[in-house]
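>>> When you get a sec, could you give me coordinates for this:
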Amino acid sequence: MATVHRFEELLAWKKGRELAREVYKVFRGCHDRGFTDQIQRALVSVVSNIAEGFESGTREGFLNYLYIAKASCGEVRAQLYIANDIGYLNIQTFKYLNDLAEQASRLTASFIRALKSSPHSGLQRKRELSKDEREAQEFMRNARKELSKIHPHLYTPGGDIKS
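Residues are numbered from 1 along each chain as shown. Got it, this is the predicted structure:
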């Protein structure tokens with residue numbers, strides 16, 4: 001699994017954001033405040049819980065928030081069915097939005113599986129490196145970068161050995 005430094009890099013978060021943007025657009029003129037408030041809270045919950053979980057610093061915390069985000073995707077889908085049933089959406093718009101919600105849910109589920117099998121326990125559990133260890137890592141990183149310039153057929157530009 002590639003290292004992610006910001007929650008904005010996560011595909012599940014990006015898809016949740018896209019879903020929120022599209023649903024907000026569709027229901028912009030809807031005068032049913034009870035309905036729009038409910039679906040909007042669920043939409044915001046998807047992206048907010050992914051972000052909050054990422055920032056929590058522990059794998060266990062992150063997983064908990066991801067499960068909440070996935071559940072919120074389900075709530076959005078349920079609200080979309082209601083909107084379709086009562087005539088707030090036509091079938092094409094329903095299918096489009098429901099597909100986005102399913103994609104967000106699948107990406108979140110896939111990320112949950114990957115995170116559960118990851119050996120990393122999160123930043124709160126990560127041991128701080130000593131000054132000597134940090135300097136040694138920096139030296140090795142620079143050495144690998146220099147090697148990639150000398151032997152580009154053996155090393156990537158970042159200094160990793162090519163497979």
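>>> Could you tell me which residues within stretch 25-36 count as buried?
Residues of stretch 25-36 classed as buried by neighbour count (16 or more other C-beta atoms under 10 Å): Val26, Phe27, Phe35, Thr36. C-betas here are computed from N, CA, C, even on glycine.
>>> Does the first one touch Thr93 like I think?
Going back to what we said before, that points to Val26. Yes: between Val26 and Thr93 there is a contact at 6.1 Å, judged by C-beta atoms under 8 Å.
>>> which ones among the buried residues of stretch 25-36 are found in helices?
With DSSP state H as the criterion, helices contain Val26, Phe35, Thr36 from among those.
>>> Could you list the domains of the chain?
Following automatic domain parsing, one finds the domains of the chain at 7-125, 128-163.
>>> Of the ones you listed, flag the one that's most buried.
domain 7-125 (a mean of 17; mean count of other C-beta atoms under 10 Å).
>>> Please convert the domains of the chain to TSV, extending it with mean pLDDT.
Formatted as TSV, these follow (pLDDT from 0 to 100):
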stretch	mean pLDDT
domain 7-125	93
domain 128-163	73
